[in-house]
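Undergrad: sequence plus the predicted model coming up.
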Amino acid sequence: MVQLPDVLRRANIHKTRGIQVPVLFEWLITTIFTRYSIFRAESDPHFTKKTARNCLNNRHTNWQRLVILLAVRLIQYVKHFTDTRRAQALILDDSLFKREFSRKTELLARVFDHNHQRYYHGFRTLTLGWSDGNTFLPVDFALMSSGKAKNQLGPINQFDPRTLAAQRRAQAKRKMNEVP
């Protein structure tokens, strides 16, 4: 159905030795759906929880590509079960992600909340999703900060501009209508 090994490989998620990455991600997905954190989840006899954390923290992982590839495959799968007369739509949402008590979070900014007409410390989460009226699947996402220097609160680390990290940080500082 989803062909998880192919999707993980295309999102640059791999390990050089030890447990296979699809097995590790299946354990992580199972942990999430049983409503446990990694710390409270049952251990797997084939790997440690530290292995899972190290895989999730790999700086070469392209999370946006992973979400897009999974969404495309899941949408193709879900379409077989939906009525052809049902309208499909792309939904764009920008929500406030408050981090009021953070001080040293990278790219933390003062963000204006239009609902309460005031500024909060945090980020904006820009999410593109697909819906058929009954199902919602996230297709892409971006964590947005502020491009204005006076609204930036957190430290800004410098990275090689060719890396994924630098590209994500540059994306976070753009205006929302310019984010691809």
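TA: Structure's in. What do you need? Numbers count the residues shown, from 1 in each chain.
Undergrad: pretty sure Arg110 sits against Leu153.
TA: Yes: counting by Cβ atoms under 8 Å, Arg110 does reach Leu153; the two are 6.4 Å apart. Every residue, glycine included, has its C-beta placed from N, CA and C.
Undergrad: of those two, who's got more company?
TA: More crowded of Arg110 and Leu153, by other Cβ atoms under 10 Å: Leu153, with 19 against 16.
Undergrad: distance check, the more buried one against Leu90.
TA: Leu153 sits 32 Å away from Leu90, going by Cβ to Cβ, to the nearest Å.
Undergrad: still on that earlier bit, identify the contacts common to Arg110 and Leu153.
TA: Residues touching both Arg110 and Leu153 (Cβ atoms under 8 Å, 6 or more residues apart in numbering): His121.
Undergrad: now Arg99. Nearest residue, chain neighbours left out?
TA: Gly122 (4.4 Å; Cβ to Cβ, 6 or more residues apart in numbering).
Undergrad: can you report phi and psi for the one you found?
TA: phi 160, psi -150 (degrees, to the nearest 10).
Undergrad: which residues of this structure fall in helices?
TA: Along the chain, the stretches classed as helices by DSSP state H are 4-10, 21-33, 49-56, 63-79, 164-173.
Undergrad: ok, Ser102 - how many residues close by?
TA: Neighbour count for Ser102, taken as other Cβ under 10 Å: 14.
Undergrad: and what of Leu24?
TA: Count around Leu24 with other Cβ under 10 Å applied: 22.
Undergrad: ok, it touching Asn54?
TA: No: the criterion here is Cβ under 8 Å, and Leu24 misses it with Asn54 at 9.9 Å.
Undergrad: and the closest residue to Leu107 other than its chain neighbours, how close does it get to Leu128?
TA: Closest residue in space to Leu107, ignoring its immediate chain neighbours: Ser145 at 4.0 Å, by Cβ to Cβ, 6+ apart. According to Cβ to Cβ, Ser145 stands 18 Å off from Leu128.
Undergrad: now do Ile68
TA: 9 Å.
Undergrad: same check on Val78?
TA: Per Cβ to Cβ, Val78 is found 16 Å from Leu128.
Undergrad: same check, this time on Leu90
TA: Taking Cβ to Cβ, one finds Leu90 at 6 Å from Leu128.
Undergrad: who touches both of the two?
TA: Common contacts of Leu90 and Leu128 (Cβ under 8 Å, 6+ apart): Val139.
Undergrad: between the two, tell me which one has more neighbours.
TA: Leu128 (17 against 10).
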